[in-house]
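Peer 1: got a predicted model here, sequence first, then my questions.
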Amino acid sequence: MDIFLGLLQVVLREGMIYGIMAMGVYITYKVLNFADLSVDGSFPLGACTAAALITAGVDPWIACFVCFAAGCIAGSVTGMLHVKLHISDLMSGILVQTALYSVNMVVTSKKAVLSIFNMPTIFSTGLGGMMYNSALDQWAWVIMALIITIVVKILLDLYLKTRSGLLLRAVGSNERFVVSQGKDPGNMKIIGLMIGNGLVALSGCVLAQQKESADASSGTGMVVMALAAVIIGEAVFGRTKKLRGTTMAVTGMIIYRCCLTAAMQLGLDTIYLKALMSGLFIIALVGSRLKNERSARNVIRAAERK
Amino acid sequence: MRKSLVSKVIAAALTAAMVMSLTACGSTSNASTGSSAAATEAKGSSDAGETKTIGVIQYTTVPSLDNCYEGFVKGLADEGFVEGENLTIDFQNANAEVSTADTEAQTMAQKKYDLIGAIATPAAMSAYGACKADGIPVVFTAVSDPVSAQLVKSLEKSETICAGSSDQLPLEAQLKMIRAFLPEAKKIGILYTTSEPNSITDLETIKGFAPDYGFEIEAVGVTNGSEVAAGAESLIASGVDCINNFTDNNVVNNLPTVLQAAAKANIPVFGSEEGQVYDGCLASISIDYVALGEETGKIAGKILKGELTPEESEIYTSNEGAPFINTEVAEELGLEIPSEYQDGTLVTTGSNK
């Protein structure tokens, strides 16, 4: 039972921290309809920036804001390449991801791993530290992750309801509408990419603070993980219209991490993990497509009956 | 109708996940079920006491790390912990992904294993991060610079929950050997990958020793496998007298490219591990990774027995390496094997296969 609770802790904590990244990818992939591959670079950017700032003695909470800002800058570059220089979405993502590798090495002053063991982090000082030293023990980390994720989710939901947020959603589904409103869809895309990558970097920052080290190569596989979370979340909860996309992304990530941990617990050799994840991914994709087709057919049938 | 389809899809997804996991489980855990039965039988007769369970995380699959693991198991056996008798090993490979290593380490920590072995720097970082709160000892190996990675306070005394061994290359001995082979040489070319911490540490070290042996170091950093060829060409273009490799995973995996470029320019390539000499490097002062792993396994065994605490432990470093020389390559280049190295291990290309 202890082991089960312990594993649950790991799944929830990782699921929520990576869930911040899933929300970022939800913005670019679902809301903007933009396949953004710069995520593989902006995740370690957040992690490395956090580790470098904390090593330099910066307050860990301020580090979180700086990381978000750093991610925003990375996202704006992807956006500029796509909107202003007319480079395709995939290509601009790849270019930024590649360039970010150099940026990360500069940030870590040429070290591939940067440790911040026993230095103040949001998990070891202030509220996090207080909870950790109480009876909560390691559940404190889960609660901290939960608090950060919920705050980010609420802010994001609030933003999506503002005028700018509505325009952002319009860009993804109907660009002409945005033009007819006298707004530039290109600028909205850049803003969306900035928010998306900012959240991804924030996720990297929080993870680095929790595990107390950052690795410049930790971005490998992040795009796929985040996309899988967004799609799984939609496939499982898509029919309940009450759940918001952001909530679905975070829950999708928790389900994804849960499957991964369960597979490892059942003794699956780690070399098969990728195949398992692709399998889950395909099932979720096909599942949501079938569902959409069926609901479209239902609409037509209902119309015919009238 | 709509509802049932969605639930069917979810059910299918979960079933598929379970079936896949269980199938793999069947194929991989046979050995461990057998071994736990054996462990119960051997329990009474073993003198090391009760059965211990440890986890081992290997960062990726490369020959030197595989050798480390082989030695690690041997070292544990030397201390009386035999896998399948009184020791259960949960071995996990992270397939070069930091997030996988993290999950593995955290899972092992939650299962309260007696000890966690970590092979290569990223695995050690994940293991230390995950075990710090619970105080589970971490025994690492193949970490070049455990002090700068903050795994331990100093090489003399760890003062953390980590113990283990460092695979810092015997670079001074290597330079001495290069000087013996090439008395006239001035410039040593080095190709390294900027994301590999070991290589960066090695580069700093070799730059420190080079003037003592009258060498100049010309280094070119690459970021991935596709840049190795161009990197080698640019080194040769800058007029180096030889190329020296580290245990840089990316460069070693693309060794044939480096060797071809060097052969065209008729200059030798020095390796950092015996495997590279068998693959066509002229010579190397090699660390024996099996022996390094074995020493590490012994440290782990002592910690399991309670004879050693990680906090008090000293980090094992293998400072002396053994020379390996490829006679075939020496002949092609028209080089004499220096007299002081003639008692080293003399091999020819591919003779280890």
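Peer 2: On my side now, so go ahead.

Peer 1: how about the contacts made by residue 265?
Peer 2: In the absence of a named chain, chain A is used. A:L7, B:T107 (Cβ atoms under 8 Å, 6 or more residues apart in numbering or on different chains). (C-beta placed from N, C-alpha, C; glycine too.)

Peer 1: nope, chain B please
Peer 2: B:I236.

Peer 1: so for it, what's the pLDDT?
Peer 2: The model reports B:A265 with a pLDDT of 90.

Peer 1: just B:Q168 next, same as before
Peer 2: 83.

Peer 1: count of neighbours near it?
Peer 2: Close neighbours of B:Q168, defined as other Cβ atoms under 10 Å in any protein chain shown, add up to 20.

Peer 1: hang on, it in a strand?
Peer 2: No: with DSSP: H, G, I helix; E, B strand; the rest coil as the criterion, B:Q168 is assigned coil and is not in a strand.

Peer 1: please name the nearest non-neighbouring residue to it.
Peer 2: B:S144 (5.3 Å; Cβ to Cβ, 6 or more residues apart in numbering or on different chains).

Peer 1: is stretch B:216-227 anywhere near chain A?
Peer 2: Yes: applying Cβ under 8 Å from any Cβ of the partner chain, one finds stretch B:216-227 in contact with chain A at B:T223.

Peer 1: could you export that stretch as CSV, keeping only the C-alpha atoms?
Peer 2: Only the C-alpha atoms of stretch B:216-227 are listed here, as CSV (Å, rounded to 0.1, in the frame of the first residue of the first chain):
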residue,chain,number,x,y,z
GLU,B,216,49.2,22.4,-28.0
ILE,B,217,45.5,21.4,-28.0
GLU,B,218,43.2,22.2,-30.9
ALA,B,219,39.7,21.4,-30.0
VAL,B,220,36.5,21.3,-32.2
GLY,B,221,33.1,20.9,-30.5
VAL,B,222,30.2,19.3,-32.4
THR,B,223,26.6,18.9,-31.3
ASN,B,224,25.5,15.7,-33.0
GLY,B,225,26.6,12.7,-35.1
SER,B,226,26.1,14.5,-38.5
GLU,B,227,28.7,17.1,-37.6
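
Peer 1: got the buried residues for that stretch?
Peer 2: B:I217, B:E218, B:A219, B:V220, B:G221, B:V222, B:E227 (16 or more other Cβ atoms under 10 Å in any protein chain shown).

Peer 1: now the strands for chain B?
Peer 2: B:52-58, B:87-93, B:115-119, B:138-143, B:162-166, B:187-193, B:216-222, B:242-244, B:269-270, B:283-286, B:316-317, B:322-326, B:345-347 (DSSP state E).

Peer 1: as TSV, those with distance to A:G204 would be great.
Peer 2: Listed next are those as TSV, based on distance: least, Cβ to Cβ, whole Å:
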stretch	distance to A:G204
strand B:52-58	21
strand B:87-93	23
strand B:115-119	22
strand B:138-143	23
strand B:162-166	24
strand B:187-193	22
strand B:216-222	24
strand B:242-244	35
strand B:269-270	38
strand B:283-286	38
strand B:316-317	33
strand B:322-326	42
strand B:345-347	46
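
Peer 1: with adjacent residues omitted, what lies nearest to the residue in the stretch 51-200 of chain B that chain A sits nearest to?
Peer 2: Relative to chain A, the nearest point of the stretch 51-200 of chain B is B:Q110 (3.1 Å; Cβ to the nearest Cβ). What sits nearest to B:Q110 in space, not counting adjacent residues and going by Cβ to Cβ, 6+ apart, is A:G6, at 3.1 Å.

Peer 1: please identify which helix or strand holds that neighbour.
Peer 2: Assigned by DSSP states H and E, A:G6 falls within helix A:2-25.

Peer 1: packing partners of that helix?
Peer 2: helix A:39-55, helix A:139-161, helix A:185-211, helix A:222-237, helix A:245-265, helix B:98-110 (3 or more Cβ pairs under 8 Å, 6 or more residues apart in numbering or on different chains; DSSP states H and E).

Peer 1: which part of the stretch 201-350 of chain B gets nearest to chain A, residue-wise?
Peer 2: Counting by Cβ to the nearest Cβ, the stretch 201-350 of chain B gets nearest chain A through B:T223, at 6.2 Å.

Peer 1: roughly how far apart are the residue nearest to B:Q110 and B:C281?
Peer 2: 47 Å (Cβ to Cβ, to the nearest Å).

Peer 1: and these two? Which one has more around it.
Peer 2: B:C281 (29 against 18).

Peer 1: check contacts around that one.
Peer 2: Contacts of B:C281 by Cβ under 8 Å, 6+ apart are B:N245, B:L255, B:L259, B:P268, B:V269, B:F270, B:G271, B:N326, B:V329.

Peer 1: and if you look at A:I17?
Peer 2: If you count contacts by Cβ under 8 Å, 6+ apart, A:I17 has them with A:A145, A:I148, A:T149, A:S203, A:V206, A:L207, A:Q210.

Peer 1: switch the cut-off to 7 Å
Peer 2: A:A145, A:S203, A:V206, A:L207, A:Q210 (Cβ atoms under 7 Å, 6 or more residues apart in numbering or on different chains).

Peer 1: so which of those residues is the most crowded?
Peer 2: Sorting those by how many neighbours each has (other Cβ under 10 Å) puts A:S203 first, at 34 neighbours.

Peer 1: hang on, it packs against A:M16?
Peer 2: No: with contact defined as Cβ atoms under 7 Å, A:S203 and A:M16 do not form a contacting pair (9.6 Å).

Peer 1: the residue nearest to B:Q110 is in contact with B:T107, isn't it?
Peer 2: No: contact criterion Cβ under 7 Å: A:G6 and B:T107 do not qualify, at 8.4 Å.

Peer 1: which stretches of the chain have low pLDDT?
Peer 2: Because you didn't say which chain, this covers chain A. Judged by pLDDT under 70, chain A has its weakly predicted residues at A:1, A:240-241, A:306.

Peer 1: that's the other chain; I wanted chain B
Peer 2: Applying pLDDT under 70 to chain B picks out residues B:1-49, B:319, B:353.
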